[in-house]
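# Got a sequence here, can you build the structure:
(one chain, ligands or ions: 1)
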Amino acid sequence: MKILALFAVLAMISCTEKVATKDASQMMQIEIVHLTEGGEAVGEKAGEITITPTENGTSFYVKASGITPGEHGFHIHEFPALIMSESGPHWDPAGTKMHKGPLNTNGHRGDLPFLTADANGVIDQTVIAPNVVYAEITNKSLMIHDGGDNYTDVPPNGGGGSRMMAAIIE
Ligand SMILES: [Cu+2]
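Presented below is the predicted three-dimensional model:
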């Protein structure tokens with residue numbers, strides 16, 4: 001995990017300048033909402049996610065509140081819907097059916113670096129997904145899970161469990 005954290009920090013530092021040189025329209029800010037009733041109902045707004053292409057991959061700046069402190073799995077799911085029964089599984093265009101995390105190219109493409117909420121339940125973090133191409137992620141969703149993510153299929157999908165927050169990528 002230390003290596004991943006270091007990578008994220010380096011990516012954050014190095015992308016600041018690179019992003020500034022890109023077309024400013026090449027970014028999107030989307031609303032993220034709480035999910036209730038086991039992921040089947042949409043609750044209040046939780047915050048915002050800003051998605052930006054960088055030379056190191058796609059950057060996700062997540063600012064959201066109202067979740068338990070600690071680690072939370074974060075993924076691109078297949079369909080552009082908020083509730084669990086409509087948003088589908090992890091985005092997996094190659095059909096690998098394997099959850100291997102953001103640095104492995106042999107699994108779900110939608111596996112993003114996990115997020116960490118502070119003691120107040122606030123997530124204020126930028127993560128970079130090196131294998132995600134910005135132009136390819138239209139008509140999908142983003143999910144933040146209750147549990148963390150060990151980037152394996154044991155337990156299934158990294159152990160994130162329930163979907164707690166969701167956003168649509170149009
Ligand atoms: Cu997920």
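# in what helix or strand does residue 61 lie?
strand 57-65 (DSSP states H and E).
# What of residue 86?
helix 84-87.
# Which residues of the chain lie near the ion?
With CB under 5 Å from the ion as the criterion, the chain meets the ion at residues 75, 143. Placement of C-beta: from N, CA and C, glycine included.
# Could you list everything the closest residue to the ion within the chain pairs with in the sheet?
Relative to the ion, the nearest point of the chain is residue 75 (3.4 Å; CB to the ion). With DSSP bridges applied, residue 75 shows beta-bridge pairing to residue 111, residue 143.
# ok, now how distant is it from residue 34?
17 Å (CB to CB, to the nearest Å).
# And those two? Which one has more around it.
residue 75 (28 against 20; other CB atoms under 10 Å).
# pLDDT score for the residue nearest to residue 127 when sequence neighbours are not counted?
In this structure, residue 127 finds its nearest non-sequential neighbour in residue 113, 3.9 Å apart by CB to CB, 6 or more residues apart in numbering. On pLDDT, residue 113 comes in at 98.
# my guess is residue 113 is in a helix, correct?
No: using DSSP: H, G, I helix; E, B strand; the rest coil, the assignment for residue 113 is coil, not a helix.
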